[in-house]
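S.K.: Here is a sequence together with a model predicted from it:
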Amino acid sequence: MTARAADRARYDRATAHLDAPLAIVDLDAFDANADDLARRAGGKPIRVASKSVRCRALLERVLARDGFAGIMSFTLAESLWLARSGFDDVLLAYPSADRAGFAELTADPKLAAAVTVMIDDPAQLRLIDEARDGGREGVRVCLELDTSLRLLGGRIRVGARRSPLRSPAEIADLARVVAGRPGFEVVGIMAYEGHIAGVGDSVAGRPLRSRAVRLMQATARRELAQRRAEVVRALRAVAPNLEFVNGGGTGSVQFTAAEDCVTEIGAGSGLYVPRLFDNYTSFSGRPAALFAQPVVRRPGVGVVTVLGGGYPASGAAGPDRLPVPYLPEGLRYDPQEGPGEVQTPLLGSPADDLLLGDKVWFRHAKAGELCERFEQLHLVRGDEVTATVPTYRGEGHTFL
């Protein structure tokens with residue numbers, strides 16, 4: 001029996017009393033992935049990206065482990081909810097225009113102490129001030145640095161279009177604006193190198209592309225390490241009480257942690273290890289989060305149909321954004337239909353051994369987005385469900 005076949009047998013036994021559709025997290029795999037992230041971080045704390053987890057119970061679980069500290073959130077409403085729930089170090093990783101949220105933040109000393117907001121433009125400070133509605137609490141501010149790689153004088157750009165702040169002078173200038181505006185304090189800087197941390201460099205069947213990605217990433221790491229150090233020096237001259245310098249991502253943990261100026265690493269997808277994180281030379285993790293769909297039809301030889309399953313991930317549309325049938329091994333989509341809204345035909349010889357009601361296990365493409373489809377996660381240890389916990393959706397929250 002292969003390791004994957006053994007996993008299937010375990011998951012089927014653990015969930016035999018549960019009807020699909022359902023989602024699970026394998027705790028042994030989740031914990032092993034957490035250990036690997038902490039090992040690669042080399043002693044620097046990992047700030048957990050909540051968008052990649054979207055389950056309070058699992059956020060609490062990982063933050064109770066050595067090597068993890070703080071949350072990187074994705075909306076202001078989520079940040080406030082987490083802070084009210086007892087998480088006392090929440091970095092909002094994206095600028096916000098949530099005026100009601102800013103009014104709440106600036107009116108509550110507990111929230112203001114727990115939540116740090118992201119800016120990259122003086123106009124965002126004005127928006128916060130206009131939203132205060134009498135709130136007088138000081139706002140903790142993090143600046144975001146553009147990490148993209150620019151080549152040929154800027155004619156070629158590799159990396160996400162995020163912050164407009166790129167140079168030491170631009171970061172220092174904005175820090176001076178913050179320092180000169182009552183009610184705000186710069187406490188950190190974040191630089192997420194998505195083109196390094198979030199792009200696989202060993203794609204099966206595409207050796208030339210993989211080699212090009214590795215070359216690009218090596219160049220980008222060298223350029224960013226030098227520029228980030230210069231930026232942090234310039235920022236500390238303006239904000240000497242800077243508390244943290246955040247960088248990284250699941251795919252670049254060990255490289256970013258090696259930079260002296262970086263004090264913490266942001267990561268989250270490496271806990272669940274969805275399919276987009278299979279193609280890395282820098283690490284390999286264990287798939288920890290899966291979902292199961294029930295067989296509802298047997299249209300013919302070598303074909304079964306499962307309920308639903310069409311859960312595409314965000315990002316540029318393409319086959320890599322689709323979930324993949326994982327267990328039993330050997331199933332594939334019908335190229336004329338793919339994963340469907342309400343039903344999904346699956347082809348392959350394993351289909352002939354599946355009965356109505358049997359579970360087919362899938363892996364999704366992007367980590368936390370699975371939790372927008374399910375209200376619960378069944379936590380599996382060995383061949384038992386040890387607990388069932390709500391996702392954000394299960395607690396009544398769909399922040400994005």
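M.R.: Great, that's in hand. Residues are numbered from 1 along each chain as shown.
S.K.: Show the pLDDT at Ala204.
M.R.: Looking at Ala204, its pLDDT is 79.
S.K.: should've said Thr281
M.R.: Predicted confidence (pLDDT) for Thr281: 85.
S.K.: Quick check: chain neighbours aside, which residue is closest to it?
M.R.: Ser202 (4.8 Å; C-beta to C-beta, 6 or more residues apart in numbering). (Glycine included, C-beta is placed from N, CA and C.)
S.K.: wouldn't that neighbour be in contact with Asn279 here?
M.R.: Yes: assessed by C-beta atoms under 8 Å, Ser202 is found in contact with Asn279 at 5.1 Å.
S.K.: and for the two, which residues touch both?
M.R.: Ser210 (C-beta atoms under 8 Å, 6 or more residues apart in numbering).
S.K.: Give me the longest strand you can find in this structure.
M.R.: strand 289-300 (DSSP state E).
S.K.: Could you pull up the mean pLDDT of the next helix or strand after that strand?
M.R.: Scanning forward in sequence from strand 289-300 by DSSP states H and E, the next helix or strand is strand 303-307. Average pLDDT, strand 303-307: 98.
S.K.: Secondary structure element holding the residue nearest to Thr281?
M.R.: Using DSSP H and E, no helix or strand contains Ser202.
S.K.: Next: His195.
M.R.: Counting by DSSP H and E, the secondary-structure element that holds His195 is helix 194-197.
S.K.: Same question for stretch 9-19: list its buried residues.
M.R.: 10-12, 14-15 (16 or more other C-beta atoms under 10 Å).
S.K.: Per-residue confidence at Asp12, what does it come out as?
M.R.: For Asp12, the predicted pLDDT is 98.
S.K.: Make sure it is indeed in a helix.
M.R.: Yes: according to DSSP: H, G, I helix; E, B strand; the rest coil, the state of Asp12 is that of a helix.
S.K.: picking up where we left off before, the buried residues of stretch 9-19: which two are farthest apart?
M.R.: The distance between the two most remote of the buried residues of stretch 9-19 (C-beta to C-beta) is 9.6 Å, for Arg10 and Thr15.
S.K.: shared neighbours, the two?
M.R.: Residues within reach of Arg10 and of Thr15 at once, by C-beta under 8 Å, 6+ apart, are Val380.
S.K.: Residues contacting stretch 378-385, please?
M.R.: Contacts of stretch 378-385 (C-beta under 8 Å, 6+ apart): 9-11, 13-15, 18, 22-28, 57, 386-389.
S.K.: From the chain's centroid, how far away is that stretch?
M.R.: On the basis of C-alpha atoms, centre = their mean, to the nearest Å, stretch 378-385 sits 23 Å off its chain's mean C-alpha point.
S.K.: can you pull out the helices in the chain?
M.R.: 3-14, 27-41, 56-63, 76-84, 99-107, 109-114, 122-131, 168-179, 194-197, 207-238, 253-257, 269-272 (DSSP state H).
S.K.: Quickly compare the ones you listed and say which is most buried.
M.R.: helix 269-272 (a mean of 28; mean count of other C-beta atoms under 10 Å).
S.K.: For it, enumerate the helices and strands it packs against.
M.R.: If contacts are counted by 3 or more C-beta pairs under 8 Å, 6 or more residues apart in numbering; DSSP states H and E, helix 269-272 sits against helix 27-41.
S.K.: The helix it packs on packs against which elements?
M.R.: Counting by 3+ C-beta pairs under 8 Å, 6+ apart, helix 27-41 packs on helix 56-63, helix 253-257, strand 264-267, helix 269-272, strand 376-381.
S.K.: before we move on, back to that, only the buried residues of the longest strand of the chain, if you could.
M.R.: So for strand 289-300, counting by 16+ other C-beta under 10 Å, buried means 289-296.
S.K.: what packs against it?
M.R.: Using 3+ C-beta pairs under 8 Å, 6+ apart, the elements in contact with strand 289-300 are strand 22-26, strand 303-307, strand 343-347, strand 359-363.
S.K.: now the angle from the first one to strand 359-363?
M.R.: Read it as strand 22-26. 60 degrees (axes from the mean of the first three to the mean of the last three C-alpha atoms, to 10 degrees).
S.K.: Mind pulling up the pLDDT for Ala160?
M.R.: 87.
S.K.: Within its local environment, how many residues does it see?
M.R.: 14 (other C-beta atoms under 10 Å).
S.K.: so Met118 sits right up against Val90, yeah?
M.R.: No: counting by C-beta under 8 Å, Met118 stays clear of Val90, with 11.4 Å between them.
S.K.: between the buried residues of stretch 9-19, which is nearest Ser163?
M.R.: Nearest to Ser163 among those, with distances taken as C-beta to C-beta, is Tyr11, at 41.6 Å.
S.K.: who's in contact with that closest one?
M.R.: Tyr11 touches 24, 26, 290, 292, 327, 359, 361, 380, 383, counting by C-beta under 8 Å, 6+ apart.
S.K.: Please tell me how far the fifth one sits from Phe291.
M.R.: Just to be clear, that refers to Leu327. 11 Å (C-beta to C-beta, to the nearest Å).
S.K.: For those two, list the residues in contact with both.
M.R.: By C-beta under 8 Å, 6+ apart, Leu327 and Phe291 have these common neighbours: Trp361.
S.K.: quick one: contacts for the most centrally placed residue in the chain?
M.R.: By C-alpha atoms, centre = their mean, the chain has its centre lying nearest to Ser52, at 3.1 Å. Ser52 sits next to 267-269, 271-272, 367-368 when contact means C-beta under 8 Å, 6+ apart.
S.K.: cool, Thr219 as well?
M.R.: Leu149 are the contacts of Thr219 under C-beta under 8 Å, 6+ apart.
S.K.: Could you measure from it over to His195?
M.R.: On the measure of C-beta to C-beta, Thr219 and His195 end up 11 Å apart.
S.K.: what do you get for Ser148?
M.R.: From Ser148 across to His195, the span is 7 Å (C-beta to C-beta).
S.K.: Overlap of the contact sets of those two?
M.R.: Shared contacts of Ser148 and His195, counting by C-beta under 8 Å, 6+ apart, come down to 158-160.
S.K.: Distance of the closest residue to Asp121 other than its chain neighbours relative to His397?
M.R.: Using C-beta to C-beta, 6+ apart and skipping residues adjacent in sequence, the residue nearest Asp121 is Pro164, 7.0 Å away. Noted for Pro164: a distance of 31 Å to His397, by C-beta to C-beta.
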